[in-house]
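Enquirer: Whatever this is, show me its structure:
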Amino acid sequence: MKYALVTGGSRGIGREIALKLAIDLEYPIVLNYQSNDAAANNTKAAIEDAGGTCDLLKFDVSDQQAVHTAIDTWMSEHPDALIEVLINNAGITRDGLFMWMKPEDWHQVVDISLNGFYNVTNHLIQKMLSNRYGRIINVVSVSGVKGTPGQTNYSAAKGALVGATKALAQEVAKRKITVNAVAPGFIKTDMTAEMDEKDLKRMIPANRFGEAEEVADLVSFLASKKASYITGEIVNINGGIYS
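Expert: Purely as a prediction, here's the structure:
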């Protein structure tokens, strides 16, 4: 049985990606989340209502031992399972000017976005290589492509993930594993709920915030066999914002 694992999948963009992979590509979903049980169960129910299947896997992506334990336990319970699609979506923001940034605000953001990518991907890549097929898609950000003031930590973490995407893609391409990233701009989620959309959309050529479903549509395509010749790419989805 072939599965898709989505990290940070209980809400926002992650939730929509999980739904889209279940509906469009008919993947059974392994949904990772860190703490919000209610949101995770709600997403699981939505996937099942749409005719899909979903297993919940609760762990902190920044905790390597927790990652290994959770995935290995799930694998032992599903001996015929293969996670062939991995969506590294987990991420947090701790915004503030760099000169006043606390060490914990730097480390937490880097640990989840960047080290979380390492912890999960490194643990799964061997089986993908053995199977000679896989899709790894990293959710980065416009902040990681152009840099955003007040988000030096987030820009650093996502920018590093951009570089990791391009490097890993070259290492595994011969085994029919693609590694790409999507870089959303302003998307309507809990993360942007407190932003002034009316004011900010003036800087967006499309004159609106994006929808999480639009990001999920892009991820679904990159996760499909139709995207087999696309790898090492960072696909911007931001309504026309560029540096």
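Enquirer: Which residue ranges of this protein form strands?
Expert: In the chain, strands defined by DSSP state E lie at 2-6, 29-33, 54-58, 82-88, 134-139, 177-184, 234-237, listed in chain order.
Enquirer: hmm, who's touching the second one?
Expert: With Cβ atoms under 8 Å, 6 or more residues apart in numbering as the test, strand 29-33 has contacts from 3-10, 18, 21-22, 39-40, 43-44, 47, 52-59, 61, 70, 74, 83, 90, 120. Using the backbone N, CA and C atoms, a C-beta is placed for each residue, glycine as well.
Enquirer: Report the separation between K44 and G91.
Expert: With distances defined as Cβ to Cβ, to the nearest Å, the gap from K44 to G91 amounts to 21 Å.
Enquirer: Looking at those two now, which is surrounded by more residues?
Expert: Legend: neighbour count by other Cβ atoms under 10 Å for K44 and G91, higher for G91 (26 against 21).
Enquirer: what sits against the more buried one?
Expert: By Cβ under 8 Å, 6+ apart, the contact list for G91 reads G8, V109, I112, S113, G116, V139, S141, Y154, A157, K158.
Enquirer: Check the gap between the last one and I112 for me.
Expert: What that stands for is K158. According to Cβ to Cβ, K158 and I112 sit 11 Å apart.
Enquirer: in this protein, which helix has the most residues?
Expert: What stands out as the longest helix in the chain, according to DSSP state H, is helix 152-172.
Enquirer: show me where pLDDT drops low in this structure?
Expert: Within the chain, the set of residues satisfying pLDDT under 70 comprises 190-197, 243.
Enquirer: most centrally placed residue in it?
Expert: Centre of the chain computed as the mean C-alpha position; nearest residue by Cα atoms, centre = their mean is N89, 1.8 Å away.
Enquirer: Now list the buried members of the contacts of strand 29-33.
Expert: Neighbour counting over the contacts of strand 29-33 (16 or more other Cβ atoms under 10 Å) leaves 3-10, 18, 21-22, 39-40, 43-44, 47, 52, 54-57, 59, 61, 70, 74, 83, 90, 120 as the buried ones.
Enquirer: What distance do you get for L31 to L129?
Expert: Counting by Cβ to Cβ - L31 and L129 are separated by 24 Å.
Enquirer: Next, format the strands of the chain as TSV and append distance to A227.
Expert: Putting the strands of the chain into TSV (distance: least, Cβ to Cβ, whole Å) gives the following:
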stretch	distance to A227
strand 2-6	14
strand 29-33	19
strand 54-58	23
strand 82-88	11
strand 134-139	8
strand 177-184	7
strand 234-237	10
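Enquirer: any idea which of the contacts of G91 is closest to E211?
Expert: Using Cβ to Cβ, V139 is the member of the contacts of G91 that lies nearest E211, at 14.8 Å.
Enquirer: ok, that closest one to N89 distance?
Expert: Distance of V139 to N89, computed by Cβ to Cβ: 4 Å.
Enquirer: Report the set of residues contacting both of those two.
Expert: Common neighbours of V139 and N89 are listed as I13, G14, I17 (criterion: Cβ under 8 Å, 6+ apart).
Enquirer: Show residues contacting stretch 227-240.
Expert: The set of residues that contact stretch 227-240 without belonging to it, under Cβ under 8 Å, 6+ apart, is 135, 140, 142, 145, 162, 165-166, 169-170, 173, 176, 178-186, 204-210, 214-215, 218, 221-222, 242.
Enquirer: quick revisit: of K158 and I112, who's got more company?
Expert: Set side by side, K158 and I112 show more neighbours around K158, with 27 against 24, by other Cβ under 10 Å.
Enquirer: Identify the residue nearest the more buried one in space, chain neighbours excluded?
Expert: Once its chain neighbours are removed from consideration, K158 has its nearest residue in G144; the separation is 2.7 Å (Cβ to Cβ, 6 or more residues apart in numbering).
Enquirer: Next: M128.
Expert: G134 (3.4 Å).
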